[in-house]
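Novice: Provided below for reference: sequence and predicted model.
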Amino acid sequence: MSKLLNKTVGKWKIWSIVLGVVLLLGIVLGCALGYQKTATTGDMKTLTVRVESYTTADGEKEVRSIIDGALKKAGIKEKYVAEGNASGGKVREFIFVFAKKTSDQKLSVAEQAVQEKIDAAKANSESNLFDAFIYVAVNDSHSIRTVAKGFVWRAILGASLAIVASFVYVLFRYKWRVAVPFAVNSVLSLLSAMSLVVICRIPASQSVCGAYLVALVFSMICSLVSFAHIKEAEKAGETQGKTAKEIVCEFVPVKGILGFGAVLAGAILILACFLMRSYGAFLFGTLVSLIGVAFVSVIWLPSVYAVWKNFADKKFAKKNPFAYEGKQKKQNADEGVKGEN
Amino acid sequence: MGKKKSVVLITLITIVIAVFCAISAIPSFALKNSVKIWTPAAAQYDLATEFGGGYYTHYYPEGVISKLEYDAVLEEKSGDPTALEEYEKSYERHGGIYLSTEEDDNVLRWNNQKNAYEITDEFKASFEEVSRSVAKSYAAMGYSAFRVSVQDDYSLFIEIPASAKNAGTALQYFSYTGEFNLTDGTTKYFPEEEEKVSSCFKGFSVKSSQGNSFIKISLTKAGVKKVAEITETISSGTLYFNIGDNSVLSLSVSGKVKAEDKALYISAADSATASVLCTALNSALRLGDPSVQLKKATSSDVGNYAPVFGKNQRTLFFVAVLLILLVSLIVPIVLYKGYGVAMAFSTMLYFGVAAFCFAFITESVFEVSVASAIVFVLGLFTHIFLSARAFKAIKKEVAQGKTVESSVKAGHKKSLLTAVDICSVAFGVSAFFAVGSTALKTVAIQAVICFGLTAFAALLFTRMMNYLLLSCAKDKYKFFRFVREDDDDE
């Protein structure tokens, strides 16, 4: 019997309130603030240094060190640097990208410092930048489009079709008593994953939908494994005389599910260790989504399923009063109700 | 199955898996006595922007220049004070750009009350319309990651991923603004005065047939008549479909052209080029003739940038995935011994085939990003999870006193249906998510590949490898690291 489920099953009202608060907060914040944009999709300020002549690698290093020195002195740090080539390599651009909230005054100071140092280097015959054509500009950008046409409605359509199709499959395999909680769990897992990403203000772009796909599949695997174990136990007659709560606590393989989740989280952490700069936000968003799914599938679902099972077994028993299985399910359901009262 | 047969089969399977893994992952090297270079599948991935970098350009309306250009011209004129002063007077600074003060450009207007230049309302409104149209064009291209930004209020900064096909073409053609018109190179035939473009042209779309790409020009009834009239007038030459003064499409004419089914078809180099041209032309139909025209971007205005978070991100990505793969190989062997070896075979097959498919499943852009890695990892761990469940079921059967062979049979049977359910649901969900677009569609298709391989590995291949390896094992209990119960009769 699982110690975790022993503590959590029976408190379905509390877990439902927690889940409800998370979803409500996610919806409110989502409507009010939307998703936090990533460094490569959000508004930005840029400092561009254009070198309009062929330079050596040493020359480029000198330009970079001038810029880095000026930014350090001004007390500002770039989010990233795009090193561009244009005109077949004849034009080299260093585009330093800053957060939108970066002070205009500090940027202006940095721009002036870079300009002065570059002018001095251009005039110095011993410098790698002697007589080079180098220009500096600071720009303020507001992103107006980062999402492809039809992306959002097609993502919603894909998710809806996926959940409906899996519901139909589970309906055929496990009947409505399992299919309904399975579908509800899938929907709530997906919504909780989305809400947590919004609440934690994790920067997200189009690619976050990949994380939601993974979260949804993971939640479906968790719930299917749980229902399969309960079904196997029922088939083997191991659930006779047990209440719904006891069945859930004993036969839902919490260790296996949490182990699977932990291993997946471990892999995400390994990726995060190597790719923190480029994909840190996305990987953190995936991790947070998985935590949301784990809460719904391991804490909320078993406690709600215990109550649902009583209700569903009673209904089944009413329809099948003379069947042995019906009588047994009714007995278990009644004992479950007595225990709760 | 006999030992010899099992060994032969295991050897053959190992060779096949080794070949797939080698094709996918062996690093590039120059081939002996040849100029060719061996390139693994992993080196041929279309990479997301974070790993592969991208392309960028700026769009400036007529009458607007960047500070970089302004400074460059200023430097040129520095030897002539009069010319320098005149040039400085002709522009007013606005953040990182300069706006023309010339009345003809209709960008700035002198306000006597404020004693300063102010931007004309017409310029503001027209620029906003043009920038929205440009943004819509890029949104229609289906890029996995792109950004259209308004820079310093009156210029545009565009970024698209390096994996984008015909990126240069898109960045140039989407800068074309102006009235959609038909000419023969010298004479403009359409639209004439009081003629509306929308009364003749419905739109442009991409069609494919037998590997060839075409641009379909959908016409109205009036459009069919008009095209017939124009081509009859030209009789022999070329009909150009222009945006402003820029030619986008051309149709060879040798007599009157009757558009069947109210459509004309013009062949294109490929579907990516056709898509760009159609999007540009549809944008022109939608926008009409705005008062603000963008300066035409040329190939020298298009820049490419390296991965912004460092060129080593791609290498680190592959290292991280290989590390996860290594752990996935070693841990099952340590936990499940012989059965873990069977799982390791499945893991390597999964890796080799998935890595191969990610590179070659389609000729169109199929980006590999960290989302692809997570989907790959989920599929891999699902197969290991299902195989571990099967092992647990086998162990349970052995604990009941059955022989190893019958326990394996029974254990696999008991764990089969749940494994089928999980693989079916995972595969189906991924397939439905492929309804999505751009990045989501790509990740969904990658998930379909991965979960398809998961199903093959967990339901078939691991069991088959276990059977072959078990046939070669001397002590079947030791193979699974099971403890044989003492026979009480002895």
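Specialist: Good, I have the coordinates. Residues are numbered from 1 along each chain as shown, chains lettered A, B, ... in the order given.
Novice: partners of the lengthiest strand in chain A in the sheet?
Specialist: Within chain A, and with DSSP state E defining each element, the longest strand by residue count is strand A:134-145. If you go by DSSP bridges, strand A:134-145 pairs up with strand A:44-51 (antiparallel), strand B:147-151 (antiparallel).
Novice: residues in contact with the longest one?
Specialist: By CB atoms under 8 Å, 6 or more residues apart in numbering or on different chains, the residues outside strand A:44-51 that reach it are A:59-60, A:63, A:67, A:71, A:78-79, A:91-100, A:102, A:104, A:107, A:110-111, A:114, A:118, A:132-141, A:143, B:68, B:96, B:149. Every residue, glycine included, has its C-beta placed from N, CA and C.
Novice: Sitting in strands, which of those do you find?
Specialist: Counting by DSSP E, the contacts of strand A:44-51 place A:91-99, A:134-141, A:143, B:149 in strands.
Novice: ok, back up a step: if we compare the strands paired with strand A:134-145, which one ends up closest to B:E62?
Specialist: Distance to B:E62, taken as CB to CB, is lowest for strand B:147-151 among the strands paired with strand A:134-145, at 16.4 Å.
Novice: Next, the buried residues of the closest one.
Specialist: Residues B:R147, B:V148, B:S149, B:V150, B:Q151 are the ones in strand B:147-151 that count as buried (16 or more other CB atoms under 10 Å in any protein chain shown).
Novice: can you check stretch B:258-267 too?
Specialist: Quick answer for stretch B:258-267 (16+ other CB under 10 Å): B:A259, B:A263, B:L264, B:I266.
Novice: got a list of what the first one touches?
Specialist: With contact taken as CB under 8 Å, 6+ apart, B:A259 is in contact with B:I217, B:L219, B:G223, B:V224, B:V227, B:A228.
Novice: Can you name the residue of the stretch 101-250 of chain A nearest chain B?
Specialist: A:G210 (3.0 Å; CB to the nearest CB).
Novice: roughly how far apart are that residue and B:V368?
Specialist: 12 Å (CB to CB, to the nearest Å).
Novice: Look at the two and report which has more neighbours.
Specialist: Between A:G210 and B:V368, A:G210 has the larger neighbour count (other CB atoms under 10 Å in any protein chain shown), namely 28 against 25.
Novice: so B:L440 touches A:L157, yeah?
Specialist: No. Using CB atoms under 8 Å, B:L440 makes no contact with A:L157, being 10.8 Å away.
Novice: and these two? which has more neighbours close in?
Specialist: Between B:L440 and A:L157, counted using other CB under 10 Å, B:L440 has the larger neighbour count: 27 against 15.
Novice: got the contact list for the nearest residue to that one once chain neighbours are set aside?
Specialist: Nearest non-adjacent residue to B:L440, counting by CB to CB, 6 or more residues apart in numbering or on different chains: A:C209, 4.2 Å away. The contact partners of A:C209, by CB under 8 Å, 6+ apart, come to A:A155, B:G436, B:A439, B:L440, B:V443.
Novice: Roughly how far does the closest residue to B:L378 other than its chain neighbours sit from B:A426?
Specialist: Nearest non-adjacent residue to B:L378, counting by CB to CB, 6+ apart: A:V214, 5.5 Å away. Distance of A:V214 to B:A426, given as CB to CB: 10 Å.
Novice: Show me which positions of the helix or strand containing A:A306 end up buried.
Specialist: Counting by DSSP states H and E, the element that carries A:A306 is helix A:301-319. Residues A:301-310, A:312-314, A:316-317 are the ones in helix A:301-319 that count as buried (16+ other CB under 10 Å).
Novice: How far away from the center of its chain is that helix?
Specialist: In terms of CA atoms, centre = their mean, to the nearest Å, the centre of helix A:301-319 is set 32 Å apart from its chain centre.
Novice: average model confidence for that helix?
Specialist: Mean per-residue pLDDT for helix A:301-319: 87.
Novice: Tell me where the stretch 201-341 of chain A has strands.
Specialist: For the stretch 201-341 of chain A, no strands are identified by DSSP state E, counting those that start in this stretch.
Novice: In it, where is pLDDT below threshold?
Specialist: Regions of the stretch 201-341 of chain A meeting the criterion pLDDT under 70 cover residues A:322-341.
Novice: who are the neighbours in contact with whichever residue of the stretch 251-400 of chain B sits closest to chain A?
Specialist: Relative to chain A, the nearest point of the stretch 251-400 of chain B is B:A371 (3.0 Å; CB to the nearest CB). Neighbouring residues of B:A371 by CB under 8 Å, 6+ apart: A:S207, A:G210, A:A211, A:V214, A:F282, B:A439, B:V443.
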